[in-house]
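Asks: Okay, predicted coordinates and the sequence, questions at the end:
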Amino acid sequence: MIEDREPIRVALLGCGTVGTEVLRLLQGRPEEFAARTGAPVQVTGVAVRRPHKHPNVPEHLLTTDAAALVDGDVDVVVELIGGIEPARSLLLRALRGGKSVVTGNKALLAEHGSELYSAADEAGVDIYFEAAVAGAIPLLRPLRESLAGDRINRVMGIVNGTTNYILSAMDSTGAGYSETLDEAGRLGYAEADPTADVDGFDAAAKATILAALAFHTRVAATDVYREGISAVRPGDIAAAKSLDRTVKLLAICERVVAEDGTESVSARVHPAMIPRDHPLASVGGAFNAVFVEAEAAGSLMFYGQGAGGAPSASAVLGDLVAVARNLVVAGKGPRESAHAKLPVQPMGATPTRYHISLDVDDKPGVLSQVAATFNDNDVSISVVRQAGRGEEASLVVVTHTATDAALKSTVDKIAQLASVREVVSVMRVEGESS
Ligand SMILES: NC(=O)c1ccc[n+]([C@@H]2O[C@H](COP(=O)([O-])OP(=O)(O)OC[C@H]3O[C@@H](n4cnc5c(N)ncnc54)[C@H](O)[C@@H]3O)[C@@H](O)[C@H]2O)c1
Ligand SMILES: N[C@@H](CCO)C(=O)O
Ligand code: NA
């Protein structure tokens, strides 16, 4: 009988947006969790900072001493505090003490993943983290397990709900940046410090995790090129609209194969213009969507709620069931796979395409001057549009693919031309053939 088995004892660290939902769902259906894992699942304590802020948590479970809770009689530690410390020390303490871990903490995994995976491996326990990337969407387990026999070439998508919520609102209603960010915070999408979202740190941490899993390589947080959305202006959104495109913050992780066959990895996060008919263009609000391209599987698309308490709790609970099942059968989930050891390519060497919008003098010869600058830098032009406005004209250029360094240096030189009054918008272009 399942009820007669020793319960799986769970310590919950942090009871905020996600932790509250994990506790509610876990305590709401105890029989189902017992039936699915093969043993009763019992929360033995909830570590919080201010107990009086948690009237819905049974008083006997509350503690402010997370370390003592971790050291106590528990089998699994679920960490939903966020940030590096004390989360890192608490999880190392748990793993070294022989306790399995479930966490949604992408910032911690991106910075200290290797240390945590090694500690789990040495202790023979599990570390699961599905909620850390793309919230409710089952994405890490497919990469770690379902696609473990395939060869992944590219992972690209929208992995930050807060910035997608803001960009969607800017595009559809012309809403301002800061009011939309406040709303994303109220809805439980934003990080405790929302600059992690808007400056791209959250998406870059997720890209670090995705690239490591996809390419079986240790990737450091500093290996991932990062640009957030704080520099995206209404002018960029309008420029995108005029070309039937929209702006999204994308995470792109690619296997790069050089002409001599040597392989490396490129991982980057930046805003990009994509065609309005691209599947990612219709991903609105806090939804996330990720494309995975694998050699044998072909293209796969993962879509769903990427942020918010209940959706993220779904991923945490799925992990908790997996860990509990492993404990019931005395088994263990997948360990870190970093055998490929591919080098990570710098952003400057990565092939990209640019959209550039300029205000220029409306006189003969300006267009040929601009075109010559592209030519001198070996950057070829795909689309040019010029519209006169009295003394001034606007010029829109979309390039073909070139290295990011060549494109950047071309833009710098164009900005210095006497006939160029202002560089209005510069943005990378993705999702269409070059
Ligand atoms: N909110 C989301 O949509 C979402 C989605 C996926 C993953 N995550 C991740 O899950 C984690 C939690 O996110 P959240 O949105 O629930 O954050 P939150 O800020 O709402 O909750 C964190 C809670 O931890 C508490 N806390 C801080 N230090 C503590 C300590 N030393 N001991 C005990 N409690 C402590 C805080 O008081 C707070 O209640 C983060 O790593 C976040 O990146 C969040
Ligand atoms: N702040 C994150 C939470 C989900 O990881 C986001 O907006 O996507
Ligand atoms: Na997920």
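Replies: Thanks, I have it. Ligands and ions are numbered 1, 2, ... in the order given.
Asks: From here on, just use CA atoms for contacts and neighbour counts.
Replies: Fine.
Asks: residues in the protein within reach of ligand 3, list them.
Replies: Glu130, Ala131, Val133, Ala134, Gly135, Ala136, Ile137, Pro138 (CA under 5 Å from the ion).
Asks: closest to Val159 among those?
Replies: Closest to Val159 out of the residues of the chain next to ligand 3 is Ala134 (5.4 Å), distances taken as CA to CA.
Asks: and that closest one, what pLDDT?
Replies: pLDDT recorded at Ala134 is 98.
Asks: Distance-wise, check it relative to ligand 2.
Replies: 6 Å (CA to the nearest ligand atom, to the nearest Å).
Asks: List the residues that contact the spatially closest residue to that residue that is not a sequence neighbour.
Replies: Once flanking residues are discounted, Ala134 sits nearest to Gly306: 4.3 Å by CA to CA, 6 or more residues apart in numbering. Gly306 makes contacts with Val133, Ala134, Gly135, Ala136, Ile137, Val159, Asn160, Gly161, Ala286, Phe287, Asn288, Ser312, as judged by CA atoms under 8 Å, 6 or more residues apart in numbering.
Asks: Wasn't Ser409 part of a helix?
Replies: Yes - counting by DSSP: H, G, I helix; E, B strand; the rest coil, Ser409 is part of a helix.
Asks: How many residues are close by it?
Replies: Ser409 is flanked by 13 other residues according to other CA atoms under 10 Å.
Asks: Count residues in the vicinity of Gly28, would you?
Replies: 11.
Asks: quick revisit: go through the residues of the chain next to ligand 3 and name the one nearest Gly388.
Replies: Taking CA to CA as the measure, Gly388 sits nearest to Ala134 out of those, at 44.3 Å.
Asks: OK, contacts around the closest one?
Replies: By CA under 8 Å, 6+ apart, the contact set of Ala134 is Val159, Asn160, Asn288, Ala289, Gly304, Gln305, Gly306, Ala307.
Asks: and the helix or strand encompassing Phe302, what other elements does it pack with?
Replies: Secondary structure assigned from DSSP states H and E places Phe302 in strand 298-305. Contacting strand 298-305 under the criterion 3 or more CA pairs under 8 Å, 6 or more residues apart in numbering; DSSP states H and E are the following elements: strand 287-294.
Asks: okay, the angle between the strand it packs on and strand 298-305?
Replies: Between strand 287-294 and strand 298-305, the angle comes out at 160 degrees (axes from the mean of the first three to the mean of the last three CA atoms, to 10 degrees).
Asks: Who are the packing partners of strand 287-294?
Replies: Packing partners of strand 287-294 (3+ CA pairs under 8 Å, 6+ apart): strand 152-158, helix 161-172, strand 298-305.
Asks: Just give me the neighbour total for whichever residue of the stretch 201-350 of the chain sits closest to ligand 2.
Replies: With CA to the nearest ligand atom as the measure, Ala307 is the residue of the stretch 201-350 of the chain nearest to ligand 2, at 4.0 Å. By the measure other CA under 10 Å, the count of residues near Ala307 is 31.
Asks: Now for Arg96: which residues touch it?
Replies: Applying CA under 8 Å, 6+ apart, the residues near Arg96 are Ala119, Ala120, Glu122, Ala123.
Asks: meant to ask about Asp73, not that
Replies: Shown in contact with Asp73 (CA under 8 Å, 6+ apart): Arg9.
Asks: Same question for it, what's its three-state structure.
Replies: Applying three-state DSSP: Asp73 is coil.
Asks: and it, what pLDDT?
Replies: Per-residue confidence (pLDDT) for Asp73: 97.
Asks: before we move on, the earlier item: return the list of strands paired to the strand holding Phe302, each annotated with direction.
Replies: If you go by DSSP bridges, strand 298-305 pairs up with strand 287-294 (antiparallel).
Asks: related to what we said a few turns ago, if I average pLDDT within each of the helices and strands packed on strand 287-294, which one is lowest?
Replies: Looking at the helices and strands packed on strand 287-294, the bottom one is helix 161-172 with a mean of 94.
Asks: And the helix or strand following that helix, how far out from the chain middle?
Replies: Scanning forward in sequence from helix 161-172 by DSSP H and E, the next helix or strand is helix 177-186. Chain-centre distance of helix 177-186: 19 Å, with CA atoms, centre = their mean, to the nearest Å.
Asks: Check stretch 233-246 too.
Replies: On CA atoms, centre = their mean, the centre of stretch 233-246 falls 24 Å from the chain's centre.
Asks: buried stuff in that stretch?
Replies: Pro234, Asp236, Ile237, Ala238, Ala239, Ala240, Lys241, Arg245, Thr246 (16 or more other CA atoms under 10 Å).
Asks: Please apply the same query to stretch 145-158.
Replies: So for stretch 145-158, counting by 16+ other CA under 10 Å, buried means Leu147, Arg151, Ile152, Asn153, Arg154, Val155, Met156, Gly157, Ile158.
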